[in-house]
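1. pasting the structure only:
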């Protein structure tokens, strides 16, 4: 996702992710913050997540036409064929162990077509429903959300899944992946990688910008503060623009070497983006 999910920082742009990890272990722990509590449901639901789930509800409520003849050999594109075939695939996975389900879902969703939002929807950033993803392809957050809802259908708890929006320091772009907990492990389901990836293997490459806990937004600095009972609350939430902007006042967890401390706490706005989505 080259420019999607833009996070704008006022007064201290260079220190957006002020808590840079000092070691591989710290980097892994920072990425794993995606699973910290979002505050008992008090966090703001991402506007595009809300729009996507509303379309999903409309899809479910729409009258269903007679079942089309969906024959793989014919490569039919009749409406509903991809969704019906996808449901059959998930049914076959239902009895498998968790890790095998994760591997299969990651592999099968990654086989779908990558299409930039500007080409697919003539929009800078559009979050497709799983059905839209199956029928038209999508970009990185569409791969992640399709995997999320597939695993939820297979019985994975929302508490064990997070969509993580990250900064990819190798490709120099923002990106979205799905994090899944299986037993004691956290695994990464990534459309850039064919196989499941242990969290530690990407911790130095991916830096968490924010996470979605069943659609609720949580920022890593907010999450870090939530992990420390009794710590002074340095964040404040303010929703503006008709509920489309989340403004947070935050303090950095650690000053960057040589950096001049800001005169006042940062103000960060998680806003709707007008920039093109990426891979």
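-> Here it is on my side, so go on. Model, not experiment: these values are computed from the prediction.
2. I'd like to know which helix or strand in the protein has the lowest mean pLDDT.
-> strand 7-10 (a mean of 34; mean pLDDT, DSSP states H and E).
3. what comes up buried for the longest strand along the chain?
-> Secondary structure of the chain read by DSSP state E shows that its longest strand is strand 173-182. For strand 173-182, a neighbour-count test (16 or more other CB atoms under 10 Å) marks 173-181 as buried. To be clear about C-beta, it is placed using only N, CA and C from the backbone, and glycine gets the same treatment.
4. Could I get those in JSON lines, plus columns for distance to residue 113 and pLDDT?
-> JSON lines is the format used below for the buried residues of strand 173-182 (distance: CB to CB, whole Å; pLDDT from 0 to 100):
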{"residue": "173", "distance to residue 113": "19", "pLDDT": "91"}
{"residue": "174", "distance to residue 113": "21", "pLDDT": "91"}
{"residue": "175", "distance to residue 113": "18", "pLDDT": "94"}
{"residue": "176", "distance to residue 113": "17", "pLDDT": "96"}
{"residue": "177", "distance to residue 113": "18", "pLDDT": "97"}
{"residue": "178", "distance to residue 113": "18", "pLDDT": "97"}
{"residue": "179", "distance to residue 113": "24", "pLDDT": "97"}
{"residue": "180", "distance to residue 113": "23", "pLDDT": "97"}
{"residue": "181", "distance to residue 113": "29", "pLDDT": "94"}
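5. Let me have these in JSON lines, adding distance to residue 110 as columns.
-> Output for those, formatted as JSON lines (distance: CB to CB, whole Å):
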{"residue": "173", "distance to residue 110": "18"}
{"residue": "174", "distance to residue 110": "19"}
{"residue": "175", "distance to residue 110": "14"}
{"residue": "176", "distance to residue 110": "13"}
{"residue": "177", "distance to residue 110": "11"}
{"residue": "178", "distance to residue 110": "11"}
{"residue": "179", "distance to residue 110": "16"}
{"residue": "180", "distance to residue 110": "14"}
{"residue": "181", "distance to residue 110": "20"}
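6. any idea which of the residues you listed is closest to residue 209?
-> residue 174 (6.8 Å; CB to CB).
7. what are the bridge partners for that closest one, then?
-> For residue 174, the beta-bridge partners are residue 167 (DSSP bridges).
8. Secondary structure element holding residue 90?
-> helix 81-93 (DSSP states H and E).
9. Would you mark the buried spots in the helix or strand harbouring residue 149?
-> Secondary structure from DSSP H and E places residue 149 in helix 140-153. Within helix 140-153, the residues scored as buried using 16+ other CB under 10 Å are 140-151, 153.
10. Repeat that for stretch 107-124.
-> 108-110, 112, 115-117, 120-121, 124.
11. and the end-to-end length of it?
-> Stretch 107-124 has an end-to-end distance of 27 Å (criterion: CA to CA, to the nearest Å).
12. So for residue 215, what's the nearest residue that isn't a sequence neighbour?
-> residue 49 (3.9 Å; CB to CB, 6 or more residues apart in numbering).
13. And for that neighbour, the neighbour number?
-> 18 (other CB atoms under 10 Å).
14. Name the surrounding residues that touch the helix or strand it falls within.
-> Using DSSP H and E, residue 49 maps to helix 47-61. The contact list for helix 47-61 (CB atoms under 8 Å, 6 or more residues apart in numbering) reads 125-132, 145, 149, 212, 215, 243-244, 272.
15. That one versus helix 140-153: what angle between them?
-> 50 degrees (axes from the mean of the first three to the mean of the last three CA atoms, to 10 degrees).
16. Give me the below-cutoff pLDDT ranges for this protein.
-> Low-confidence segments of the chain (pLDDT under 70): 1-27, 37-43, 64-80, 221-279.
17. repeat that with 80
-> 1-30, 32, 36-43, 63-84, 219-279 (pLDDT under 80).
18. Could you pull out the strands in it for me?
-> So, for the chain - with DSSP E - the strands run 7-10, 161-168, 173-182, 185-189, 197-198, 206-213, 216-218, 236-240, 245-250, 266-270.
19. on contacts alone, who are the packing partners of the helix holding residue 149?
-> On a contact count with 3 or more CB pairs under 8 Å, 6 or more residues apart in numbering; DSSP states H and E, helix 140-153 meets helix 81-93, helix 98-110, helix 130-136, strand 161-168, strand 173-182.
20. Can you check what angle separates that helix from helix 98-110?
-> Going by the same axes, to 10 degrees, helix 140-153 makes 140 degrees with helix 98-110.
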